[in-house]
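Chemist: coordinates only, sequence not included:
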Ligand code: HEC
């Protein structure tokens, strides 16, 4: 029997190197191990660095700027460019297109080459995606910084606190107890630890319009000047 007869009767050996790593099980195994490693890392990071929650939501705080987490800022920024009737392009058409391209990719891109240099088109598309996400995130962060309009409250000084304490004693203490003093009308909350519950901006807002606390509140509008109001809020902002 010649060697060539022998060869043809055997199943042809797998061609080495052409497809070095079949997806199943080799590639899937590697992916599984990587996914587990990432998961373990996240668990460890979460245990080591406890992430604090933000303050309890405060509907009266007009200074709060709600923002998505940093990894969504690019999409938020993108939405700003689609206003009015075009909004559906940003909220629906583009995301669906991107998802569709990703899902259908294996069907229309059957190229076998894996090196970045051998796949200029795919590499360019991927790079363009990454660059636009980074750029949109950067623009969003910069715009946020220039736009944040905070309620301008003068910095707290000892003089303000002292003045605020006097105003509080004359106008507020009849209803609110604080540090064990006042509160003759027992139905108003004690404010000894008010600053641990409520921001200074919120205190200002409550003084301007007590109904932000409750539409039926018996707290009256006390006609304080702006300066007096800042003094009282400065005083209360130290009550933690
Ligand atoms: C007539 C009584 C009365 C006076 C005077 C009054 N308050 Fe109030 N205040 C209340 C009541 C009652 C509430 C609780 C709101 C509610 O649920 O109705 C309240 C709520 C508040 C709260 C929110 C407390 C919390 O726990 O969230 C702040 C802050 C506050 N008052 C500050 C002031 C300041 C500062 C003054 C003085 C400038 C003042 N109040 C004067 C009755 C009063």
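Modeler: Cool, got the structure. Predicted, not measured: the structure shown is a model, and the values here were computed from it. Numbers count the residues shown, from 1 in each chain.
Chemist: quick one: the helix or strand containing residue 195 near the ligand?
Modeler: Counting by DSSP states H and E, the element that carries residue 195 is helix 194-197. Yes - against the ligand, helix 194-197 shows contacts by Cβ under 6 Å from any ligand atom at 194, 197. Every C-beta, even on glycine, is put in place using the N, C-alpha and C of the backbone.
Chemist: Residue 141 is in contact with residue 73, isn't it?
Modeler: Yes - between residue 141 and residue 73 there is a contact at 6.7 Å, judged by Cβ atoms under 8 Å.
Chemist: So for these two, which residue has more residues nearby?
Modeler: residue 73 (20 against 13; other Cβ atoms under 10 Å).
Chemist: The more buried one and the ligand, how far apart?
Modeler: 32 Å (Cβ to the nearest ligand atom, to the nearest Å).
Chemist: what's the nearest residue to that residue if we skip its chain neighbours?
Modeler: Leaving aside its sequence neighbours, residue 73 sits nearest to residue 140 (Cβ to Cβ, 6 or more residues apart in numbering; 4.2 Å).
Chemist: Give the burial count for that neighbour, as a bare number.
Modeler: Around residue 140 there are 21 residues (other Cβ under 10 Å).
Chemist: pLDDT score assigned to it?
Modeler: Residue 140 carries a pLDDT value of 88.
Chemist: Packing partners of the helix or strand harbouring it?
Modeler: Per DSSP H and E, residue 140 falls inside helix 120-147. Under the contact criterion of 3 or more Cβ pairs under 8 Å, 6 or more residues apart in numbering; DSSP states H and E, helix 120-147 touches helix 73-80.
Chemist: what's next to the helix or strand just after the helix it packs on, contact-wise?
Modeler: Using DSSP H and E, the helix or strand that follows helix 73-80 towards the C-terminus is helix 87-88. Helix 87-88 is contacted from outside by 79, 82, using Cβ atoms under 8 Å, 6 or more residues apart in numbering.
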